[in-house]
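>>> can you look at this prediction? I've put the sequence above it.
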Amino acid sequence: MKKVSVTLLKKFCVFLIGLFVGLCLLEAGLRVVGYIVLHQRSQVRKIAQVRKNRNAQTILFLGDSYTFGGNVSVHQNFPSQFEEILKTKRLAQDIRVVNGGWCEQTTRDLLPRLKKILSTHQPDVIVLLIGAANRYNLDDYDFSRNQLFYFLTNLRVYKMARIIAVNLKANRLAHDARHFGLNADLYKKRVRQLRHFQSIDQYSEDLTLDQKAFYYFNKGDHDKAWELIHVFLKSHPESLEALMAAGFFHYKKYEYAQCDVVLQRIIKICETRIANNQTSERVRSHLAFAAVSRANFLLVFRRHADAIDYIFKTLLIEPNGTLLQYLIRSYSLQSKYSAADMVGFYDELFRKKPELRDFKLFLNNYRYFSDEKVWEKRLESWLRDDLDEIVRICRQSGVTLILQNYPFPYAVANTAIEDVARKYSLPVIDQLSYFEELIGQGFENDYLEDDAHCTVKGYQHMARHIYDYLSSINMLEVRK
């Protein structure tokens, strides 16, 4: 018996050694293949670099919704306005401006994409403004981050296994996501459709009624657009498409109270249909879009406790992940609800929909409220670690990195940005002090919206301050 046990133990040890050697060989093979592919790509980049105008340089702006300009048109964000300043200074032909901003982007979102972004745009200078969204978007945060975690997750074998596991799990999660309204495409689908409608500039009888209304609205004939919508709503008072168009038209005319009424009407219709088992992807997508839009309205008008009440109710019907970001933001700006209240809500949500525990975004939000102080410290540490890694990648790539702080006093983000700048002797564009001086000379609402994003005038000043700073450190000189 003892001899059999020894034999089995030997076989098991041989198996483990063989498995280890096999994994090492696989790791080595994957790294060799990766090196060959990267080497070929680098040769292509070198050829492209030779073809570039040697006197031109590229300035890449990276960040979140401040950089993207989520609350203004594409021509009014600060990278676009910075480019307009270059044109007035006759520098636009010598300096290429790229806006790499992304709404709600965290440092964790940016890091996996950074090397590809550098490869694609080949910037000479990066102006970075990021970190404020880290506190509100917890989807990518991992409790287990440490040196061993970094080592293991950087192994090619681990990455290959993770890809296989994710694909095996994808079908089940996709089904659950659709069933529980978590599919981001439900919300984004409606957003994409709205953007498409805003670009309709050719009339056709094949257009749907709401598309025709958008055509006239885009053309500037608002009366005709309203006439089409009002006539249709008289005979079809619960048409989600017509109501969505009406809400958008109110919004574009700054009639926010009327827009909010329409959003509430859409939500009520969708909730009634879902309660009566008349649900569909179309109904859920309208509910997701209207719910997120209304939550944003409540935040903009600083009705933070009301926003939490509303989000609680909506999440129980339509657990849309985007609403969770508004939930944390509202919570941080009100005093009615405690962390214990938020935990109680999540307990109720998980009790009614236990499958939601499979989604990291919901689970991490629950953990955040369960131990808020610990999470705040870990989020701050996460932000600093990610900024360190961004600096390392930029230096390794030979790109000049310039940091900005936020014009709004996001204490954790601004402090981390300034500390990292001191640590690595990086230049910082101090938007916070600049805006404090501006606001001291006028009114805050001239420069900042109620949701802390800049107004068009605020973005103009951001662009001007960036230009003045880059000029002062000779970053806009034409290379000979």
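Received, thanks.
>>> quick one: low-confidence parts of the stretch 1-150 of the chain?
For the stretch 1-150 of the chain, the stretches flagged by pLDDT under 70 are 1-6, 30, 34-35, 37-55, 139-150.
>>> and with 50 instead?
Filtered on pLDDT under 50, the stretch 1-150 of the chain yields the residue ranges 44-54, 143-147, 150.
>>> now the strands: where do they sit in it?
Counting by DSSP state E, counting those that start in this stretch, one finds strands in the stretch 1-150 of the chain at the ranges 57-63, 95-101, 125-129.
>>> so D468 sits in a helix?
Yes. Following the definition DSSP: H, G, I helix; E, B strand; the rest coil, D468 is counted among the residues of a helix.
>>> I402 looks like it's in a strand, true?
Yes. The assignment for I402 (three-state DSSP) places it in a strand.
>>> could you check how far it is from K252?
According to C-beta to C-beta, to the nearest Å, I402 stands 35 Å off from K252. Just so you know, the C-beta spots here come from the backbone N, C-alpha and C atoms, and that holds for glycine as well.
>>> one more: L111?
Using C-beta to C-beta, we find L111 at a distance of 36 Å from K252.
>>> higher neighbour count, the two?
In this view L111 and K252 are compared by other C-beta atoms under 10 Å, and L111 has more residues nearby, 16 against 12.
>>> tell me the contacts of that one?
Residues in contact with L111 (C-beta atoms under 8 Å, 6 or more residues apart in numbering) are 386, 389-390, 393.
>>> cutoff 7 Å now
If a contact means C-beta atoms under 7 Å, 6 or more residues apart in numbering, then L111 has 386, 389-390 as its contacts.
>>> before we move on, the earlier item: dump the strands of the stretch 1-150 of the chain to JSON lines, plus distance to V14 and mean neighbour count.
Formatted as JSON lines, the entries for the strands of the stretch 1-150 of the chain read as follows, by distance: least, C-beta to C-beta, whole Å; neighbours: other C-beta atoms under 10 Å:
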{"stretch": "strand 57-63", "distance to V14": "51", "mean neighbour count": "23"}
{"stretch": "strand 95-101", "distance to V14": "52", "mean neighbour count": "20"}
{"stretch": "strand 125-129", "distance to V14": "51", "mean neighbour count": "24"}
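>>> let me see the ranges of the helices in the stretch 251-400 of the chain.
Counting by DSSP state H, counting those that start in this stretch, the stretch 251-400 of the chain has these helices, from start to end: 256-275, 281-300, 304-317, 321-332, 339-352, 360-370, 372-396.
>>> any idea which of those helices has the lowest pLDDT on average?
Ranked by mean pLDDT, these end with helix 321-332 in last place, scoring a mean of 77.
>>> tell me which residues are up against that helix.
Contacts made with helix 321-332 from outside it, assessed by C-beta under 7 Å, 6+ apart, are listed as 104, 135-137, 182, 184, 187, 291-292, 295-296, 299, 304, 307-308, 311, 314-315, 337, 342, 361-362, 365.
>>> please redo it, this time with the cut-off set to 8 Å
Taking C-beta under 8 Å, 6+ apart as the rule, helix 321-332 contacts 104, 135-139, 182, 184, 187, 288, 291-292, 295-296, 298-299, 304-305, 307-308, 311, 314-315, 337, 342, 359, 361-362, 365, 368-369.
>>> same check, this time on stretch 466-480
With contacts defined as C-beta under 8 Å, 6+ apart, stretch 466-480 is touched by 54-57, 59, 78, 82, 85-86, 89, 91, 94-95, 125, 127, 400, 402, 404, 427, 429.
>>> mind giving me the ChimeraX select for these, buried ones only?
In ChimeraX, selecting the buried portion of the contacts of stretch 466-480, with burial taken from 16 or more other C-beta atoms under 10 Å, looks like this:
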select :57,59,78,82,85,86,91,94,95,125,127,400,402,404,427,429
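>>> count of neighbours near V32?
11.
>>> could you dump the strands of the stretch 1-150 of the chain to TSV with distance to I267?
Listed next are these as TSV, based on distance: least, C-beta to C-beta, whole Å:
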stretch	distance to I267
strand 57-63	32
strand 95-101	30
strand 125-129	34
